[in-house]
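Q: got a structure for you, letters missing:
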Ligand SMILES: NC(=O)c1ccc[n+]([C@@H]2O[C@H](COP(=O)([O-])OP(=O)(O)OC[C@H]3O[C@@H](n4cnc5c(N)ncnc54)[C@H](OP(=O)(O)O)[C@@H]3O)[C@@H](O)[C@H]2O)c1
């Protein structure tokens with residue numbers, strides 16, 4: 001059977017753990033050539049590379065802090081050197097560094113979350129655009145990993161994070177208007193409660209208890225369940241999916 005991503009070259013940001021790692025592995029399984037970006041988790045990124053290469057994929061690891069434009073330029077230069085062009089970018093890197101209410105937070109906290117979860121996508125997309133334009137493919141895709149928090153306002157102490165994710169969803173719509181002319185589709189993925197290291201870092205309490213009340217399927221999801229959707233969106237099977245949000249949340253109970 002033809003692999004879904006044969007011939008596609010992709011950059012996946014924050015691909016050392018969680019959803020990004022699962023996406024890198026799924027992309028490799030489906031025949032893509034990939035750049036696995038990481039910032040702090042080198043060992044984990046190497047393991048993702050090893051797994052990707054076990055599928056016969058061309059896979060490289062590159063460290064860059066996505067909030068730092070100079071480092072992102074180096075990431076893109078590396079991708080250019082390896083691939084000349086790309087067809088897929090997954091803006092996945094992001095985190096809720098600490099939970100703080102408006103009363104508790106200060107401007108530095110606010111800016112860090114906006115930078116990490118929103119401005120980062122601007123920096124990586126802006127710098128990657130020439131690589132997309134180098135590709136003659138008629139089906140290219142940028143997939144922005146937003147969050148259900150963009151719609152709900154987020155869990156406890158997540159106002160800055162949720163606001164950034166809302167901005168990312170809007171960025172998707174604006175980019176689709178500009179980039180469709182170049183055969184670049186732009187889509188947001190909105191994960192719900194997904195079990196990854198994110199929740200250890202964010203100190204989320206009782207994820208399964210929360211999911212049992214908030215999710216129609218009454219369970220949290222896993223990174224692979226999100227990665228499969230991202231893989232579909234990156235593929236030409238999704239060639240008419242554009243300028244929209246795809247929820248991967250098990251059915252979020254809004255009422
Ligand atoms: N888990 C959920 O319930 C959930 C729900 C909705 C949306 N999301 C979103 O899904 C995305 C992936 O999160 P995850 O759940 O898979 O969590 P995760 O396992 O903690 O992954 C976060 C990834 O982002 C990377 N990262 C963080 N800061 C970075 C920086 N400055 N530069 C480059 N990379 C950076 C991390 O790399 P290093 O460790 O190498 O620094 C890691 O690979 C995030 O955007 C998150 O907001 C998650």
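A: Okay, I see it. Values in this document were obtained by computation on a predicted structure and should not be read as measured data.
Q: Within the sheet, what are the partner strands of the helix or strand containing residue 60, with directions?
A: Element membership for residue 60 (DSSP states H and E) is strand 59-63. Strand pairing for strand 59-63, using DSSP bridges, gives strand 33-38 (parallel).
Q: buried stuff in the helix or strand just after the strand it pairs with?
A: Heading C-terminal from strand 33-38, the first helix or strand you meet, by DSSP H and E, is helix 42-54. Neighbour counts using 16 or more other Cβ atoms under 10 Å place 44, 45, 47, 48, 49, 51, 52 of helix 42-54 among the buried residues. In this view, the C-beta of every residue, glycine as well, is placed from N, C-alpha and C.
Q: Check stretch 221-234 too.
A: Using 16+ other Cβ under 10 Å, the residues of stretch 221-234 that count as buried are 221, 223, 225, 226, 227, 229, 230, 231, 232, 233, 234.
Q: Next up, the contacts around the closest residue to the third one other than its chain neighbours.
A: Leaving out its chain neighbours, the residue that sits closest to residue 225 by Cβ to Cβ, 6 or more residues apart in numbering is residue 248, at 6.5 Å. Residue 248 makes contact with 189, 190, 191, 192, 194, 221, 225, 226, 229, according to Cβ atoms under 8 Å, 6 or more residues apart in numbering.
Q: Which secondary structure element is home to whatever residue of the stretch 51-200 of the chain ends up closest to the ligand?
A: Closest approach between the stretch 51-200 of the chain and the ligand, counting by Cβ to the nearest ligand atom: residue 94, at 2.5 Å. Assigned by DSSP H and E, residue 94 falls within no helix or strand.
Q: And for the residue nearest to it when sequence neighbours are not counted, the neighbour number?
A: Ranked by Cβ to Cβ, 6+ apart and with sequence neighbours excluded, the top spatial neighbour of residue 94 is residue 117, at 4.4 Å. Burial of residue 117, expressed as a neighbour count using other Cβ atoms under 10 Å, amounts to 31.
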